[in-house]
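[1] Predicted model and sequence below, questions to follow.
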Amino acid sequence: MAKEIYTIDQELAGSEQPHFASATIGSGVTCKRLTPLGQVTTTGALALWDPAASNGSEKAVYLAGYSVDTSGGAKKHKVIKSGHWNSDMIAWPEGTTALQKAVAFVGTPISHEPL
């Protein structure tokens, strides 16, 4: 008989409970849960976090609360506005450096650390 091993994906890194909010995510965003999001200063809409941007989305301010698909246009969506998260569970963009991860949510109520 084969043995199965079940591993729990531990998203939270501490006892601080996450809090959700509703926010408008701009058109054309497709991402999975726990993807970092930035806020475009000219529209107020959320976009994928892009450390190289200069439109406001270079600062990570929220995490996607659920998977997102706004290919049909901007819409309200649940986002995570606080909590203490396991860094390894965050859906960082490909190529994100350790330094970018370290400073991603500075000044927000979101914190993270690897477990």
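    That came through fine. Numbers count the residues shown, from 1 in each chain.
[2] Who are the contact partners of Met89?
    Applying C-beta atoms under 8 Å, 6 or more residues apart in numbering, we find Met89 in contact with Asp9, Gln10, Glu11, Leu34. Using the backbone N, CA and C atoms, a C-beta is placed for each residue, glycine as well.
[3] Please tell me I have it right and the second one contacts Leu115.
    Yes. Counting by C-beta atoms under 8 Å, Gln10 does reach Leu115; the two are 6.2 Å apart.
[4] what's the offset of stretch 101-111 from the middle of its chain?
    When C-alpha coordinates are averaged (C-alpha atoms, centre = their mean, to the nearest Å), stretch 101-111 and its chain have centres 11 Å apart.
[5] related to what we said a few turns ago, hey, what's in contact with both of Gln10 and Leu115?
    Asn86.
[6] wait, isn't Ile90 in contact with Lys32?
    No. Contact criterion C-beta under 8 Å: Ile90 and Lys32 do not qualify, at 10.5 Å.
[7] So for the two, which sits in the more crowded spot?
    Ile90 (21 against 10; other C-beta atoms under 10 Å).
[8] what helix or strand does the closest residue to that one other than its chain neighbours sit in?
    Ranked by C-beta to C-beta, 6 or more residues apart in numbering and with sequence neighbours excluded, the top spatial neighbour of Ile90 is Leu34, at 5.1 Å. Using DSSP states H and E, Leu34 sits in no helix or strand.
[9] List the contacts of Leu34.
    Applying C-beta under 8 Å, 6+ apart, the residues near Leu34 are Glu11, Leu63, Ala64, Ile80, Trp85, Met89, Ile90, Ala91.
[10] Neighbours of the residue nearest to the last one when sequence neighbours are not counted, how many?
    The one in question is Ala91. Leaving aside its sequence neighbours, Ala91 sits nearest to Thr35 (C-beta to C-beta, 6+ apart; 4.2 Å). By other C-beta under 10 Å, 22 other residues sit near Thr35.
[11] Then Tyr6?
    4.
[12] What's the per-residue pLDDT of the residue lying closest to Pro18 once chain neighbours are set aside here?
    Leaving aside its sequence neighbours, Pro18 sits nearest to Gly83 (C-beta to C-beta, 6+ apart; 3.3 Å). With respect to pLDDT, Gly83 has a value of 97.
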